[in-house]
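K.L.:
Give me coordinates for this.
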Amino acid sequence: MSTATKPLVVITGASSGIGLSTAKLLSSRGHALLLLARRVERMDALNLPNTLCCAVDVTDRQAFADAVKKAEAKFGPVDALVNNAGVMLLGNIEQQNPNEWEQMLDVNVKGLLNGVHAVTSGMIERKAGTIINISSVAGRKTFPNHTVYVGTKFAVHGMSENLREELSPHNVRVVVIAPGAVETELLSHTTSDDIKAGYQAWKQDMGGKVLAPEDIAHAIEYAYSQPQYVCIREIVLAATRQGA
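P.N.:
As a prediction, this is how the structure comes out:
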């Protein structure tokens with residue numbers, strides 16, 4: 001039996017970075033949580049109350065849906081989904097391994113849609129709910145060596161706006177959070193040492209101070225905590241010294 005004081009929130013990519021910080025913040029506010037990521041031990045280590053942690057790859061549509069059903073049986077209906085799981089594999093388009101394109105499209109686009117598919121029917125039926133899609137400043141403008149990543153994040157922005165229009169008559173909100181550079185593991189997955197070094201130099205040009213995952217978590221909470229009739233459609237945030 002759940003002792004949570006606030007309804008169930010699903011967070012993907014919850015084993016590190018923005019997802020982990022959001023889990024800790026929303027748990028402290030009294031929400032029941034379903035945390036999804038491949039590294040379940042990191043989520044279990046948080047030891048959060050009223051929390052179900054599942055080792056789920058967001059590209060596995062059935063596993064995603066099954067985890068949602070399991071959490072709803074324990075905590076009640078999903079009130080919000082934070083679609084945070086994502087990969088950023090930067091590369092020069094003529095040199096990058098096409099497998100990296102596939103991975104970004106599978107996780108950043110199809111994985112996000114799998115989450116949407118798992119929760120929307122219930123939200124429509126209840127005439128309430130919030131879907132928060134984590135995009136990027138790279139969903140609004142281009143950057144060197146970001147071609148496919150930018151494409152996936154432009155897709156997130158475009159799909160989110162279309163989804164918002166589709167779900168708004170059902171009183172379901174869709175929010176886009178678009179951060180600039182954030183201090184997370186995201187860059188570490190890039191295989192080119194030269195590109196990683198250039199990215200780190202770019203961060204140093206900002207004084208070495210970029211956003212922390214907690215900054216994004218607070219933006220997510222702000223958008224979500226508004227009354228249901230208020231939809232914060234998009235929040236774009238970046239370090240003050242980030243010019244691009």
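K.L.:
Please go through the chain and pick out the longest helix.
P.N.:
In the chain, taking DSSP state H as the definition, the longest helix is helix 147-167.
K.L.:
pretty sure residue 9 is in contact with residue 29, am I right?
P.N.:
No: checked against C-beta atoms under 8 Å, the pair residue 9 and residue 29 is beyond contact range at 9.5 Å. In this view, the C-beta of every residue, glycine as well, is placed from N, C-alpha and C.
K.L.:
which one of those two has more residues nearby?
P.N.:
residue 9 (28 against 13; other C-beta atoms under 10 Å).
K.L.:
Assign a three-state SS to that one, would you?
P.N.:
strand (DSSP: H, G, I helix; E, B strand; the rest coil).
K.L.:
List the residues that contact it.
P.N.:
26, 31, 32, 33, 34, 78, 79, 80, 81, 82, 224 (C-beta atoms under 8 Å, 6 or more residues apart in numbering).
K.L.:
So what sits opposite the fourth one in the bridge?
P.N.:
Note on residue 33: beta-bridge partners by DSSP bridges are residue 9, residue 51.
K.L.:
Please point out which parts of stretch 3-16 sit buried.
P.N.:
Within stretch 3-16, the residues scored as buried using 16 or more other C-beta atoms under 10 Å are 4, 7, 8, 9, 10, 11, 12, 13, 14, 15, 16.
K.L.:
Including distance to residue 98 and pLDDT, could those go into JSON lines?
P.N.:
Listed next are these as JSON lines, based on distance: C-beta to C-beta, whole Å; pLDDT from 0 to 100:
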{"residue": "4", "distance to residue 98": "44", "pLDDT": "87"}
{"residue": "7", "distance to residue 98": "41", "pLDDT": "98"}
{"residue": "8", "distance to residue 98": "38", "pLDDT": "98"}
{"residue": "9", "distance to residue 98": "35", "pLDDT": "98"}
{"residue": "10", "distance to residue 98": "31", "pLDDT": "98"}
{"residue": "11", "distance to residue 98": "30", "pLDDT": "98"}
{"residue": "12", "distance to residue 98": "25", "pLDDT": "98"}
{"residue": "13", "distance to residue 98": "23", "pLDDT": "97"}
{"residue": "14", "distance to residue 98": "29", "pLDDT": "98"}
{"residue": "15", "distance to residue 98": "27", "pLDDT": "96"}
{"residue": "16", "distance to residue 98": "26", "pLDDT": "95"}
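K.L.:
Could I get the full set of helices for the protein?
P.N.:
17-28, 40-44, 61-75, 98-104, 112-126, 147-167, 193-205, 213-224.
K.L.:
can you count the residues close to residue 132?
P.N.:
So residue 132, with other C-beta under 10 Å, has 25 neighbours.
K.L.:
Perfect, I'm done here.
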